[in-house]
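In: Quick one: sequence plus predicted model below, questions after.
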Amino acid sequence: MIKLGVNIDHVATLRQARYRETPDSPNAEPDPVAAALVAERAGAHGITAHLRLDRRHMQDRDIFALRKSVTTKLNLEMGNSGEVLEIALKVLPDDVCLVPENRREVTTEGGLDCAGQMASLRPTIDRLQESGIVVSLFIDPEEEQIAAAAELGAQFVELHTGAFANSTGGKREDELARLIKSAGLAHAAGLQVNAGHGLNSGNIRDVLPIPHLVELNIGHSIISRAVFCGLDSAVKEMLHLMNDA
Ligand code: PXP
């Protein structure tokens, strides 16, 4: 069974929209920790949160609080920055997924350039792994990146499904084929395979045949759906779509 990791960043996005300047207000809501617990009770296999350098959604205290409360698995997404690395080494999430980070982007736009950044990634990966944290690298489905991820000794890659999710027709078929091929290459290189970005109830079934998938990480579409039906139902609906196929 493919696992579901629920990314709850947008719960914090909503809170920050109103309470960025008054974080200690007793009215500050919604609480990402409460959301994590609802998602776990609904059957999510893990909780994902991204601590960005600009702190646009998750705050440091959210990550520490999630660590105390999450009982499934906490996956911290982070850019390769010394500042966030020190926090990760204090929080000790189960997993860290290293992502590229650009202050101007709306969301993580492309995969990490592992091949081009081996020298700066290696010490970060080593320090995380020395602390017992499982390391995943968020990459575009490209052979060169998979080879670099394997050489860097990461345990997982997370294949970026954004190009697939955002394309149509023949291009979409090509992107899916690229994901399928890359999952096979990653597995053959000894890497475990996750995937995510842009997945929703309309495209989830199409990615399930990607071989060797351990976990899908989904955020925006689940939180969007939750606005209408509640988070518990939104998580259950996604699990149903994943397990029914
Ligand atoms: N995986 C990674 C590495 C991400 O950066 C994101 C976005 O934060 C996701 C998965 C989830 O993407 P989406 O919000 O489009 O479901």
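Out: Yep, it's here.
In: For the rest of this, base every contact and every neighbour count on C-alpha atoms.
Out: OK.
In: what's the helix or strand for the spatially most central residue of the chain?
Out: Nearest to the geometric centre of the chain sits residue 217, at 5.0 Å (CA atoms, centre = their mean). Here residue 217, judged by DSSP states H and E, is contained in strand 213-218.
In: Quick check: residue 78 vs residue 42, distance?
Out: 26 Å (CA to CA, to the nearest Å).
In: Between these two, point out the one with more neighbours.
Out: Higher neighbour count among residue 78 and residue 42: residue 78, with 20 against 17, using other CA atoms under 10 Å.
In: list the contacts for the more buried one?
Out: Counting by CA atoms under 8 Å, 6 or more residues apart in numbering, residue 78 touches 50-52, 84-85, 96-101.
In: For the chain, which segments count as strands?
Out: Using DSSP state E, the strands of the chain run over 3-7, 46-50, 74-78, 95-98, 134-139, 156-160, 192-196, 213-218.
In: Compile those into JSON lines and extend it with columns for distance to the ligand and mean pLDDT.
Out: What follows is the strands of the chain, written out as JSON lines (distance: least, CA to the nearest ligand atom, whole Å; pLDDT from 0 to 100):
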{"stretch": "strand 3-7", "distance to the ligand": "6", "mean pLDDT": "98"}
{"stretch": "strand 46-50", "distance to the ligand": "7", "mean pLDDT": "98"}
{"stretch": "strand 74-78", "distance to the ligand": "7", "mean pLDDT": "98"}
{"stretch": "strand 95-98", "distance to the ligand": "6", "mean pLDDT": "98"}
{"stretch": "strand 134-139", "distance to the ligand": "5", "mean pLDDT": "98"}
{"stretch": "strand 156-160", "distance to the ligand": "7", "mean pLDDT": "98"}
{"stretch": "strand 192-196", "distance to the ligand": "4", "mean pLDDT": "98"}
{"stretch": "strand 213-218", "distance to the ligand": "4", "mean pLDDT": "98"}
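In: is it true that residue 199 touches residue 222?
Out: No: in this structure residue 199 lies outside contact range of residue 222 using CA atoms under 8 Å: 9.2 Å.
In: Could I get the contacting residues of residue 195?
Out: Taking CA under 8 Å, 6+ apart, we find residue 195 in contact with 157-161, 213, 215-217.
In: So which of those wins on neighbours?
Out: The residue in the contacts of residue 195 with the most neighbours, by other CA under 10 Å, is residue 158 (29 neighbours).
In: From residue 52, how far out is it?
Out: Counting by CA to CA - residue 158 and residue 52 are separated by 18 Å.
In: now do residue 126
Out: 21 Å.
In: So which of these two has more stuff around it?
Out: Neighbour count, other CA under 10 Å: between residue 126 and residue 52, residue 52 has more, with 19 against 16.
In: Spatially nearest residue to that one (excluding sequence neighbours)?
Out: residue 78 (6.4 Å; CA to CA, 6 or more residues apart in numbering).
In: do you know how far the one you found is from residue 187?
Out: Going from residue 78 to residue 187 by CA to CA gives 24 Å.
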